[in-house]
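>>> Structure for the following, please:
(one chain, ligands or ions: 1)
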Amino acid sequence: MEVIICKTDDEMSRAAAEAVADVLNAKPNAVLGMATGSTPLGLYQQLVRMHKAGQLDFSQVTTFNLDEYVGLPVTHEQSYHRFMHENFFRHVNIPPQNVHIPSGTTRNYRAFCDWYEQRIRECGGIDVQILGIGSDGHIAFNEPASSLSSRTRLKTLAKSTIDDNARFFKSRDEVPIYAITMGVGTIMEARKILLLANGKKKADAVAQAVEGPVTSMITASALQMHPDATVYIDHEAAGKLKMREYYDWVKEKKPEAPRV
Ligand code: PGA
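So this is what the prediction gives:
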């Protein structure tokens, strides 16, 4: 696992956007795994900026989002459909038919989840998956005690996640209790994973995910088993890492490292 500690949130977003751009430049028809939440907003702004500057073309790209709240229509202000449209899709040239976001309003969740997994396979798998991390260590909505080989499914949110996400709703009572989420096993099949985290509130979760034991109690810790996972964090989110000095040393020495 590579850990890149950035001075600011902006630097973190730029570094992660460069990594996504590298994948797209090597493979213009790449499959991107998208995340919602406040953390990846800066990354999306950077990708939009590159697109508007003529540096990134999304015309052959396919996307799969990690999760969606159950019960929110796609037009709801807090639905992840709306979030993605407002913050990313409407600013770039991804063909709408190439966009996949779990349905929060299907009448058959099990069938939908199976279809979603099948669609990912049909599209050749996810080339690069963007992730945030919850304060309880979750990735997507894989709450503590989720199986590390779980697949896309309906999940009951932890009370701490409902508390964390209440800031986006008028009241805590309006936060959905269920979501459809890719599983940890689904995420682990992505060829490359970028996990982003910022702010003090994430410092414990980041330390446990990167340096703690691999455990279903911190589902992000499964990334330790992934062959190509990079963690982009700001100073505050790095606050509890024991090996911080080493990660900075690796970053400093990277330009001089043998390339082949
Ligand atoms: P956040 O959410 O980016 O809004 O902090 C992250 C997550 O819960 O995965």
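>>> What residues does the stretch 101-250 of the chain have near the ligand?
Counting by CB under 6 Å from any ligand atom, the stretch 101-250 of the chain comes close to the ligand at Gly132, Ile133, Gly134. For the C-beta atoms, the positions are set from N, CA and C on the backbone; glycine is no exception.
>>> Roughly how far does the first one sit from Lys27?
Gly132 sits 24 Å away from Lys27, taking CB to CB, to the nearest Å as the criterion.
>>> quick one: which of those two has more around it?
Gly132 (21 against 15; other CB atoms under 10 Å).
>>> which residues touch the more buried one?
Gly132 sits next to Ala35, Thr36, Gly37, Thr39, Pro40, Ile139, Leu195, Leu196, Ala197 when contact means CB atoms under 8 Å, 6 or more residues apart in numbering.
>>> How many residues are close by Glu236?
Neighbours of Glu236 (other CB under 10 Å): 16.
>>> got it, and Pro96?
As a burial measure, Pro96 scores 7 neighbours (other CB under 10 Å).
>>> gap between it and Ala238?
Applying CB to CB, the value for Pro96 to Ala238 is 38 Å.
>>> And Ser79, by the same measure?
Look at Ser79 and Ala238: by CB to CB, they are 32 Å apart.
>>> excluding its backbone neighbours, what's nearest Val250?
The shortest distance from Val250 to any non-neighbouring residue, by CB to CB, 6 or more residues apart in numbering, is to Glu2 (7.3 Å).
>>> Let me see the contact set for the one you found.
Glu2 sits next to Ala229, Thr230, Val231, Val250 when contact means CB under 8 Å, 6+ apart.
>>> Repeat that for Arg14.
Gly42, Gln46.
>>> likewise Gly54?
Listed by CB under 8 Å, 6+ apart, the contact set of Gly54 is empty.
>>> How about the one 3 residues further on?
Remark: with contacts taken as CB under 8 Å, 6+ apart, Asp57 is in contact with Leu24, Pro28, His51, Asn93.
>>> Kindly indicate whether it is helix, strand or coil.
At Asp57, secondary structure determined by DSSP: H, G, I helix; E, B strand; the rest coil is coil.
>>> That's all I had, so thanks and see you.
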